[in-house]
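Peer 1: Starting from these lines, generate the structure:
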Amino acid sequence: MGLVKREFVRRILSEEGDRLVKNQGVAIRKRLEFRTGELENTRTTSVEGGENLDGKLVFSHPIHERFLDMKRRVKRKRGEGTRIKYGYRIHNRFVFGHYGSIANRLMNEFTEQVAEGIRREFEQQMK
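Peer 2: Have a look, this model is predicted:
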């Protein structure tokens, strides 16, 4: 059961990591103007595991992505006073949104049918 569970966790983390990069990329392209494209092109995800750990999703990105998310922009309109607009919403929104999705999928999607399917795939690979 240990190998099956690790494979299940690896698959979920890999799928969610790919979704995170894709969905965040859409928001980055929509909200920001590019100069070098570094912000979008250098984001990566990987899944790591170990003996004591079923899996860990590692999300690498340029550090200034976080600062763009936190940055406050001030807009002033004549006669209306000051309006503060918050950051570009390109980091926390996606990271914590996918965190919730990962937790939900790990809690609810590991059924006996899924485990049996993974076992069958392992058996076919051994042949």
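Peer 1: Now do the longest helix anywhere in the chain: which elements does it pack against?
Peer 2: Using DSSP state H, we find that the single longest helix of the chain is helix 2-31. In this structure, helix 2-31 makes packing contacts with helix 38-41, strand 44-48, strand 56-60, helix 92-108, helix 112-126, judged by 3 or more C-beta pairs under 8 Å, 6 or more residues apart in numbering; DSSP states H and E. Heads up, the C-betas are built off the backbone N, CA and C, glycines and all.
Peer 1: Counting neighbours, which bits of it end up buried?
Peer 2: By neighbour count with 16 or more other C-beta atoms under 10 Å, helix 2-31 contains the buried residues 4, 6-13, 16-17, 19-21, 24-25, 28.
Peer 1: Then stretch 88-101?
Peer 2: Tyr88, Ile90, His91, Phe94, Val95, His98.
Peer 1: can these go into a markdown table with extra columns for distance to Phe110?
Peer 2: Output for the buried residues of stretch 88-101, formatted as a markdown table (distance: C-beta to C-beta, whole Å):
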| residue | distance to Phe110 |
| --- | --- |
| Tyr88 | 36 |
| Ile90 | 31 |
| His91 | 29 |
| Phe94 | 24 |
| Val95 | 23 |
| His98 | 18 |
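Peer 1: Tell me the one among the residues you listed nearest to Thr45.
Peer 2: His98 (9.8 Å; C-beta to C-beta).
Peer 1: Just to check, the closest one is in contact with Glu15?
Peer 2: No. Contact criterion C-beta atoms under 8 Å: His98 and Glu15 do not qualify, at 10.2 Å.
Peer 1: For the residue nearest the centre of the chain, give me its contacts.
Peer 2: Computing the C-alpha centroid of the chain and ranking residues by C-alpha atoms, centre = their mean puts Leu20 first, at 3.2 Å. Counting by C-beta atoms under 8 Å, 6 or more residues apart in numbering, Leu20 touches Thr45, Phe59, Phe94, Val95, His98.
Peer 1: tell me which of those is nearest to Met107?
Peer 2: Met107 has its nearest neighbour among the contacts of Leu20 in His98, at 14.8 Å by C-beta to C-beta.
Peer 1: Spatially nearest residue to the closest one (excluding sequence neighbours)?
Peer 2: What sits nearest to His98 in space, not counting adjacent residues and going by C-beta to C-beta, 6 or more residues apart in numbering, is Leu20, at 4.6 Å.
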